[in-house]
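Undergrad: Have a look at this fold, sequence not included:
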Ligand SMILES: CC(C)(COP(=O)(O)OP(=O)(O)OC[C@H]1O[C@@H](n2cnc3c(N)ncnc32)[C@H](O)[C@@H]1OP(=O)(O)O)[C@@H](O)C(=O)NCCC(=O)NCCS
């Protein structure tokens, strides 16, 4: 007998303070140098655009973006490890871009570790280009790691 595969229910909603337990659990599982709970609280309190992605009603990813003066700065974009590699990262970035467009944003910026192959590849595929290198931007096991600065013009 064939198993019946149910389609996944994938949705976005604005992040609430009540979501932060889930968010910090995913953050700590996904990043070697995760944001603190305070970073997320500050982002919500500062009015940054913060969205939660849910799969079948459970937290599965999120993104955080600062929007000002026609520019967007992607501060965090993350898919829970269990859901990575199935196209959800692309959906998160596409949702983020649509949100930025809806606010009249003309360009988006982000920083990413050159060693973060999945993220660099994803952003390139979606249309970001590398415009600069910020030396020693990130903490790393041995000293510091540079950041690629990437930009997408609308
Ligand atoms: C980066 C991240 C968001 C990607 O999410 P994901 O759900 O795994 O990515 P997707 O399955 O949507 O793949 C998106 C594209 O990247 C490619 N990709 C994914 N993982 C890859 C890898 N390890 N190496 C090369 N390419 C990869 C896919 O082939 C896909 O390309 P396509 O759409 O042209 O087929 C996810 O790995 C993540 O949350 N990592 C931890 C947090 C992080 O580093 N965030 C970025 C900070 S700047």
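TA: Sure thing, it's come through. Just so it is clear, the model here is predicted, and its values are computed rather than measured. Numbers count the residues shown, from 1 in each chain.
Undergrad: need the contact list for the closest residue to the ligand within the chain.
TA: For the chain, the residue closest to the ligand is residue 89, as judged by CB to the nearest ligand atom, at 2.1 Å. Using the backbone N, CA and C atoms, a C-beta is placed for each residue, glycine as well. Neighbour list for residue 89: 61, 77, 79, 118, 119, 122 [criterion: CB atoms under 8 Å, 6 or more residues apart in numbering].
Undergrad: Contacting the ligand as well, which ones from the residues you listed?
TA: 77, 79, 118, 119, 122 (CB under 6 Å from any ligand atom).
Undergrad: Can you check the pLDDT for the residue of the chain closest to the ligand?
TA: pLDDT for residue 89: 97.
Undergrad: that's a strand at it, yeah?
TA: No. Under DSSP: H, G, I helix; E, B strand; the rest coil, residue 89 falls outside any strand and is assigned helix.
Undergrad: need the contacts of residue 89 in JSON lines with distance to residue 147 and neighbour count, can you?
TA: JSON lines is the format used below for those (distance: CB to CB, whole Å; neighbours: other CB atoms under 10 Å):
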{"residue": "61", "distance to residue 147": "22", "neighbour count": "25"}
{"residue": "77", "distance to residue 147": "15", "neighbour count": "21"}
{"residue": "79", "distance to residue 147": "20", "neighbour count": "25"}
{"residue": "118", "distance to residue 147": "16", "neighbour count": "12"}
{"residue": "119", "distance to residue 147": "11", "neighbour count": "19"}
{"residue": "122", "distance to residue 147": "16", "neighbour count": "18"}
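Undergrad: Need those in a markdown table (columns: pLDDT).
TA: As requested, the contacts of residue 89 are exported to a markdown table (pLDDT from 0 to 100):
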| residue | pLDDT |
| --- | --- |
| 61 | 98 |
| 77 | 98 |
| 79 | 98 |
| 118 | 96 |
| 119 | 98 |
| 122 | 97 |
